[in-house]
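K.L.:
Generate a structure from the sequence data that follows.
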Amino acid sequence: MLANPQTKYTAFPPVGLKDRTWPNQVISQPPVWMSTDLRDGNQSLFEPMNGEKKLRMFQTLCAIGFKEIEVAFPSASDTDFGFVRKLIDENLIPEDVTIEVLTQAREHLIRRTMESVRGAKKAIVHVYNATSRPFRDIVFNMSRDEVREMAVAGVKLVREIAATMPETDIQLEYSPETFTGTELDFALEVCDAVTAAWGATPERKVILNLPTTVELTTPNVYADQIEWMHRHLARRDSVILSLHPHNDRGTAVAAAELGLMAGADRVEGCLFGNGERTGNVDIVTLGLNLYTQGVHPGLDFSDINAVVRTAEHCTQLPVHPRHPYAGDLVFTAFSGSHQDAIKKGFAAQKAGERWNVPYLPIDPADLGRSYDSVIRVNSQSGKGGVAYLLEADFGVVMPRRMQIEFSSVVQGVADRQGGELSSTDIWQIFSDTYVQQGGRDACRAVRVFEQDGGQAIELTVEIDGQERVLRGHGNGPIHAAVQAFASAGIAVEVHGYEERSMAGAHDDGSAKACAIVEVGVGGRSTFGVGVNANIVTASIQALCSGVRRARAGS
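P.N.:
Purely as a prediction, here's the structure:
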């Protein structure tokens, strides 16, 4: 049994921001995106990326459109230091991309970090130290003043060394690590001291990153914290306010969105939410959330499958099949009611109009996904999914009553076999069920010809185990066939008839005609289907199939 949370945990206090404005804000433009896949994401991996994977990930991030990429923690290892030098020495950084490196606010680590970016055209040096009370009391054994001075001393050292590197434009980023667990007045005190020490101006802005290093509370409290800082920061016009949400409570995306509404300018995160513990905020989800609201994220996810493949290769972590937007199954419906609504939505959607397909908040085609796997069939599927696959892949459009009838046949097969049925499987079931076959009452041959101003027909049919030739005459081939069956004492009523051209249902891929006839025989109504290159032959085959099925009790 879980322990009593009231005695073991302390609820996080609210900010008390009574006049908050963020709930009424709308995100109308994308933030500045900063990818930390190569730093925060990489240090969370069981097996960190090697040089080949780091470079592949870097190039992918550039291709997606990231302009700021945190590439390493250079003082942590020779591998990270060497990767930064490789990017600079081999001129692998695009002109419009700025690399970022991270360092703790400690002198020897800062010096090593600054050496790693020497010679780069532009670099962001990201300095941090923890500021919350548990770190001050337990980890550092420092006072508030000492923790503030640690941050200021680190920033002054970066500024001092940057002055010896005129060839490199150094921008400062500072993070009060564990911001969300820090008293707001103290977080403000440290951040204001940092911007003063750097000499921040509107032309030389400092990035102040306010992370949910560990997610401690609901996203609305984080938004209140961000709005409070946004209002009270000195030199706000000289600050780029940045967010770095982690996902310990599973609400990093919501926290980032509300933080942007609260006044932030920038978001740090990883593709698909990779990162320590439960991960960083997922930039793919954040960006495509914006896209579905009519705001282009400024990042290119038009080939989401390629991005997934790269991320999986480099991190050796799978992207979950139900991951928002990117998972293999996120655009796949098995539920019958979902399939029916999607099928109708596709039919109603017109090119150039706003996207409005039920259950699909984004057009899969925008992400480079085809519609082939949107609807898949298993035992949970209904008539909509079955009908969609037959129409999409084989050009067969079933009447509604036939959809209901056939879906029960498919569900029966799925229940017996277990698992999923492909469109080819469904076509085979459809053909076995409805298309003219041999056996009792099978139609062996059809001959149609003109006679006395109408249509005459000869059907070679097996009836009750005996082959017979039936003849009939009428105002068309269907009517003539009905009369032919009547001559054998089989009363046939035609309740409905549809025909359609189709392709792909046969091995040769040639175009066929598909006829669907609803017939009544002996008080039983059912459907028959004929498929033939000749529409008249297909129609007669459909009628014969329907008669055969009705007499057999199918």
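K.L.:
in this protein, what secondary structure element scores lowest on mean pLDDT?
P.N.:
helix 383-394 (a mean of 72; mean pLDDT, DSSP states H and E).
K.L.:
For it, name the packing helices and strands.
P.N.:
Counting contacts by 3 or more CB pairs under 8 Å, 6 or more residues apart in numbering; DSSP states H and E, helix 383-394 is packed against helix 336-348, helix 400-417, helix 423-434. Any C-beta I mention is one placed from the backbone N, CA and C, and that applies to glycine too.
K.L.:
redo that, cut-off 10 Å
P.N.:
Helices and strands touching helix 383-394, by 3 or more CB pairs under 10 Å, 6 or more residues apart in numbering; DSSP states H and E, are helix 336-348, helix 400-417, helix 423-434, strand 492-502, strand 512-521.
K.L.:
Please identify the deepest-packed of these.
P.N.:
strand 512-521 (a mean of 22; mean count of other CB atoms under 10 Å).
K.L.:
angle of it against helix 423-434?
P.N.:
40 degrees (axes from the mean of the first three to the mean of the last three CA atoms, to 10 degrees).
K.L.:
any idea which helix or strand comes after strand 512-521?
P.N.:
strand 524-532 (DSSP states H and E).
K.L.:
Now do that next one against helix 423-434, angle only.
P.N.:
120 degrees.
K.L.:
okay, strand 524-532 in CSV with CA atoms only?
P.N.:
Output in CSV follows, covering the C-alpha atoms of strand 524-532 (Å, rounded to 0.1, in the frame of the first residue of the first chain):
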residue,chain,number,x,y,z
ARG,A,524,-34.9,-14.0,-48.2
SER,A,525,-32.9,-10.9,-49.3
THR,A,526,-29.2,-10.9,-49.9
PHE,A,527,-26.4,-9.6,-52.1
GLY,A,528,-24.5,-11.0,-55.0
VAL,A,529,-21.4,-9.6,-56.8
GLY,A,530,-20.0,-10.1,-60.2
VAL,A,531,-16.6,-9.1,-61.5
ASN,A,532,-15.8,-9.2,-65.1
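K.L.:
where does it sit relative to the chain's centre, distance-wise?
P.N.:
In terms of CA atoms, centre = their mean, to the nearest Å, the centre of strand 524-532 is set 41 Å apart from its chain centre.
K.L.:
and it, what other elements does it pack with?
P.N.:
Counting by 3+ CB pairs under 10 Å, 6+ apart, strand 524-532 packs on helix 400-417, helix 423-434, strand 443-451, strand 492-502, strand 512-521, helix 535-552.
K.L.:
For Thr201, which of the helices and strands packed on helix 383-394 is the nearest?
P.N.:
helix 336-348 (52.7 Å; CB to CB).
K.L.:
Let me know the angle separating the closest one from helix 383-394.
P.N.:
Using the same axes, to 10 degrees: helix 336-348 against helix 383-394 is 50 degrees.
K.L.:
dump the residue contacts of the most far-flung residue of the chain relative to its centre.
P.N.:
For the chain, the C-alpha farthest from the mean C-alpha position belongs to Asp452; by CA atoms, centre = their mean, that distance is 64.4 Å. By CB atoms under 10 Å, 6 or more residues apart in numbering, Asp452 lies in contact with His473.
K.L.:
swap in Ile93?
P.N.:
Phe58, Cys62, Ile69, Val71, Val84, Leu87, Ile99, Ala120, Lys121, Lys122, Ala123.
K.L.:
From those, keep the buried residues only.
P.N.:
The neighbour-count test (16 or more other CB atoms under 10 Å) applied to the contacts of Ile93 identifies Phe58, Cys62, Ile69, Val71, Val84, Leu87, Ile99, Ala120, Lys122, Ala123 as buried.
K.L.:
Does the fifth one belong to a helix, a strand or coil?
P.N.:
So that's Val84. Following DSSP: H, G, I helix; E, B strand; the rest coil, Val84 is assigned to helix.
K.L.:
now do the first one
P.N.:
The local conformation at Phe58, judged by three-state DSSP, is helix.
K.L.:
what separates it from Leu271, distance-wise?
P.N.:
Relative to Leu271, Phe58 is positioned 12 Å away (CB to CB, to the nearest Å).
K.L.:
which neighbours do the two share?
P.N.:
With CB under 10 Å, 6+ apart, Phe58 and Leu271 have common neighbours Ser35, Asp37, Phe66, Cys314.
K.L.:
Bridge partners for the first one, pull those for me.
P.N.:
In this structure, Ser35 bridges to Ile69, Gly269 when assessed by DSSP bridges.
K.L.:
Same check on Thr201?
P.N.:
Arg204.
K.L.:
count of neighbours near it?
P.N.:
12 (other CB atoms under 10 Å).
K.L.:
ok, Ile226 - contacts?
P.N.:
By CB under 10 Å, 6+ apart, Ile226 lies in contact with 15, 22, 179-180, 210, 241, 243, 255, 258-264.
K.L.:
likewise Asn475?
P.N.:
Gly453, Gly454, Gln455.
K.L.:
Just want the phi and psi numbers for Gln349.
P.N.:
Taking degrees, to the nearest 10, you get phi -70, psi 130 for the backbone angles of Gln349.
K.L.:
Report the spatially nearest residue to it, omitting neighbours in sequence.
P.N.:
Nearest residue to Gln349, sequence neighbours excluded (CB to CB, 6 or more residues apart in numbering): Val357, at 5.6 Å.
K.L.:
pretty sure that neighbour contacts Ala365?
P.N.:
No: Val357 lies out of contact with Ala365 (CB atoms under 10 Å); the separation is 11.1 Å.
K.L.:
In terms of neighbours, single out the busier of those two.
P.N.:
The residue with more neighbours, out of Val357 and Ala365, is Val357; 19 against 11, by other CB under 10 Å.
K.L.:
Tell me how far the more buried one lies from Tyr291.
P.N.:
15 Å.
K.L.:
circling back to that earlier point, can you list the buried ones among the contacts of Ile93 in TSV and add pLDDT and distance to Trp228?
P.N.:
Formatted as TSV, those follow (pLDDT from 0 to 100; distance: CB to CB, whole Å):
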residue	pLDDT	distance to Trp228
Phe58	98	36
Cys62	98	36
Ile69	98	30
Val71	98	32
Val84	97	36
Leu87	98	38
Ile99	98	32
Ala120	97	35
Lys122	98	32
Ala123	98	31
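K.L.:
what's the closest of the helices and strands packed on helix 383-394 to Arg447?
P.N.:
Taking these one by one with CB to CB, strand 512-521 is closest: 17.4 Å.
K.L.:
now the strands for the chain?
P.N.:
32-35, 68-72, 98-104, 122-130, 169-177, 206-212, 239-245, 266-269, 443-451, 454-463, 466-474, 492-502, 512-521, 524-532 (DSSP state E).
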